[in-house]
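Peer 1: 3D model of this:
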Amino acid sequence: MAITLTDPAGLPEIDVYRQVSVGTGSKLVFLAGQVAWDADGVTVGEGDLAAQVEQCYRNVATALAGVGATFDDVAKLTVHVVDWTPEKMPRLLDGIARAAAALGVTPAAPATLLGVAALDIPAHLVEVEAVAILD
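Peer 2: Numbers count the residues shown, from 1 in each chain. Alright, predicted model coming up:
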């Protein structure tokens, strides 16, 4: 595995991700932001943030698998949420937990959460980007 995740001393430990990832591989993988589309381009979970987060993480897993990678190879995640407020955190975490359970993974790479005004279409509430490193 090309990624080591850690929480250096002096930084808080966050339940859902690590503060730092160290990559030692030689092949970088950059995923396009994944939205809540199914394989046919139909939006999953319209109006339901948790369902859309779950679908985004499933799509990230599918994209990673397509290049021989898994969540264990992810060095960085960026999550964009439309009209973010802290009150949305439980639904975001629920969607991540549901995806993790369904996929049998623990997506713990360093993550950045950004509130945005809009995404590609009004039905999309969240988009997840990933960077992975492979040996």
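Peer 1: From here on, just use CA atoms for contacts and neighbour counts.
Peer 2: Fine.
Peer 1: Do a quick rundown of the strands in this protein.
Peer 2: For the chain, applying DSSP state E gives strands covering 3-6, 20-23, 27-34, 74-82, 111-116, 126-134.
Peer 1: Pipe those into CSV and attach mean pLDDT per row.
Peer 2: As requested, those are exported to CSV (pLDDT from 0 to 100):
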stretch, mean pLDDT
strand 3-6, 93
strand 20-23, 94
strand 27-34, 97
strand 74-82, 97
strand 111-116, 97
strand 126-134, 97
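Peer 1: Of all the ones you listed, which one is nearest Gln52?
Peer 2: Across those, Gln52 has its closest neighbour in strand 126-134 (6.7 Å, C-alpha to C-alpha).
Peer 1: roughly how far out does the closest one sit from the chain middle?
Peer 2: Taking C-alpha atoms, centre = their mean, to the nearest Å, one finds the center of strand 126-134 at 6 Å from the center of the full chain.
Peer 1: Now do that strand against strand 111-116: the angle between them, please.
Peer 2: Here strand 126-134 runs at an angle of 150 degrees relative to strand 111-116 (axes from the mean of the first three to the mean of the last three C-alpha atoms, to 10 degrees).
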